[in-house]
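K.L.:
could you work out the structure for the sequence below:
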Amino acid sequence: MNADWVAASVRARSMARRRVGVTRCRELAAQPTLADGLALLADTVHGPRLAGLRSHDDGAASPAASPWPATARATQPRPPTSPSLAAAEHAVQATTLWQLRVLSGWIPNAGRPLARALAAEYEAENILALADHLEEGTPTPAEYFDLGSLDTAWPRAQAAQSPDELAEVLRTSRWGETDEQSALRDLLTLARLGRLSAESVAARPWTRAHAGLIVSRILLVDEATPSRRLRQLARPLLGDRWATATTLDELRDALPRPAHALLADLHEPTELWLAEARHHATTEADALRLLRAALPGPDVVLGGVTVLAVDAWRVRAALAAAATGAGGSEVLDAVA
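P.N.:
Below you'll find the predicted structure:
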């Protein structure tokens, strides 16, 4: 038994048991309005943060919080958003980050790099929001994610006054070079997946699958040529063969097994959103197995944090469905 990890493992299992879960999310997605959906979350771990939202909060749903998976945005219609949907989605993510921060207080020093790698998703969202503000003049976000001691470069990045200053901060940090604003989300995502893969063997199938979905969308949906930096970040996760693929069949054969499996029964690039939804379900199933591992250790903590993150994704998809009054969520139905 790894005695240093006992407290963190116990805490991770306890937190995971408090997740919203599939049944509640299905009920949530079926609600006729966002307000009705938020009421169903009042007694969950997300309740305290959601309680302060007002129906007239401004802001559209961010790309990361879209009810459609990232690979599907070019092929699926974006549903209209309620004025407070973005705030609700942000609150759900902020609660999940807070759970990670609390859990990190129980993690031994040897596990701090893993905790930071898991928190990198939220730092990336901060960076993207700031980059949009500096590049496009969009309003400064009302609230950034508070990373506490789990940040990598955010305090320095937040002080940037121009896109060039931000790029320089990132270049000299663990994020590395960001060669083009239009691909910034993909570059940051691949960078954080690479960090997580380096920190955790157990997470490597998930990171490779996720990276495979990103390059599939770039090549087959966006029909874009991946940049040198993007190929460099993808190489440790996917190798190089994928970069020359021109069809779904070619790409499927060029990707490592975790990504190949997600694409196995797809016929058209427009179905990539289904593969991404399934990726969440597969990752959750694997994380639950880690969470139930007999011995305390970093894999148990990884499993707990990942279960919470997938649950937050499910809650956000359900809230988006409630906001449109759709009566359900195609994304959630796809992983039933």
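K.L.:
so Glu177 touches Arg171, yeah?
P.N.:
Yes - if you go by Cβ atoms under 8 Å, Glu177 and Arg171 touch, sitting 5.2 Å apart. All C-beta atoms are positioned from the backbone trio N, CA, C, and that covers glycine.
K.L.:
helix, strand or coil for the residue minimising distance to the centre of the chain?
P.N.:
The chain has Glu121 as the residue nearest its centroid, 6.1 Å off, counting by Cα atoms, centre = their mean. Under DSSP: H, G, I helix; E, B strand; the rest coil, the three-state class of Glu121 is helix.
K.L.:
what residues does the residue nearest to Ala202 when sequence neighbours are not counted make contact with?
P.N.:
Leaving aside its chain neighbours, Ala202 sits nearest to Asp299 (4.8 Å; criterion: Cβ to Cβ, 6 or more residues apart in numbering). Neighbouring residues of Asp299 by Cβ atoms under 8 Å, 6 or more residues apart in numbering: 200, 202, 290, 293.
K.L.:
now the strand or helix carrying Asp299: buried residues?
P.N.:
Assigned by DSSP states H and E, Asp299 belongs to helix 298-324. By 16 or more other Cβ atoms under 10 Å, the buried positions in helix 298-324 come out as 298-324.
K.L.:
my guess is Arg156 meets Arg171, correct?
P.N.:
No - at 11.5 Å, Arg156 and Arg171 do not qualify as touching, with contact defined as Cβ under 8 Å.
K.L.:
settle it for me: which of the two has more neighbours?
P.N.:
Arg156 (16 against 13; other Cβ atoms under 10 Å).
K.L.:
first-to-last residue distance for stretch 98-117?
P.N.:
In stretch 98-117, first residue to last residue: 15 Å (Cα to Cα, to the nearest Å).
K.L.:
pull out the buried residues from that stretch.
P.N.:
98-101, 103-104, 106-107, 111, 114-117.
K.L.:
looking only at pLDDT, what's the mean for that stretch?
P.N.:
Stretch 98-117 comes out with an average pLDDT of 96.
K.L.:
how far away from the center of its chain is it?
P.N.:
18 Å (Cα atoms, centre = their mean, to the nearest Å).
K.L.:
likewise for stretch 249-267?
P.N.:
Centroid separation between stretch 249-267 and its chain, computed with Cα atoms, centre = their mean, is 21 Å.
K.L.:
check which residues of it are buried.
P.N.:
Across stretch 249-267, burial judged by 16+ other Cβ under 10 Å covers 251-252, 254-256, 258-263, 266.
K.L.:
stretch 179-186 now?
P.N.:
Of the residues in stretch 179-186, 181, 183-186 count as buried by neighbour count, 16+ other Cβ under 10 Å.
K.L.:
mind checking the end-to-end distance for it?
P.N.:
11 Å.
K.L.:
so what touches that stretch?
P.N.:
63-64, 70, 124, 127-128, 131, 135, 163, 178, 187, 214, 218, 227-230.
K.L.:
sitting in helices, which of these do you find?
P.N.:
Of the contacts of stretch 179-186, the ones assigned to helices by DSSP state H are 124, 127-128, 131, 135, 163, 187, 214, 228-230.
K.L.:
and these, which of them are buried?
P.N.:
The buried subset of those - by 16+ other Cβ under 10 Å - is 124, 127-128, 131, 163, 187, 214, 229-230.
K.L.:
can you list those in JSON lines and add distance to Ser14?
P.N.:
Below are these laid out as JSON lines (distance: Cβ to Cβ, whole Å):
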{"residue": "Ala124", "distance to Ser14": "28"}
{"residue": "Ile127", "distance to Ser14": "31"}
{"residue": "Leu128", "distance to Ser14": "32"}
{"residue": "Ala131", "distance to Ser14": "37"}
{"residue": "Pro163", "distance to Ser14": "43"}
{"residue": "Leu187", "distance to Ser14": "36"}
{"residue": "Ile214", "distance to Ser14": "33"}
{"residue": "Arg229", "distance to Ser14": "41"}
{"residue": "Leu230", "distance to Ser14": "39"}
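K.L.:
now Glu143: how far from Ala86?
P.N.:
Separation of Glu143 from Ala86 (Cβ to Cβ, to the nearest Å): 11 Å.
K.L.:
between the two, who's got more neighbours?
P.N.:
Ranked by neighbour count (other Cβ under 10 Å), Glu143 and Ala86 place Ala86 first, with 20 against 12.
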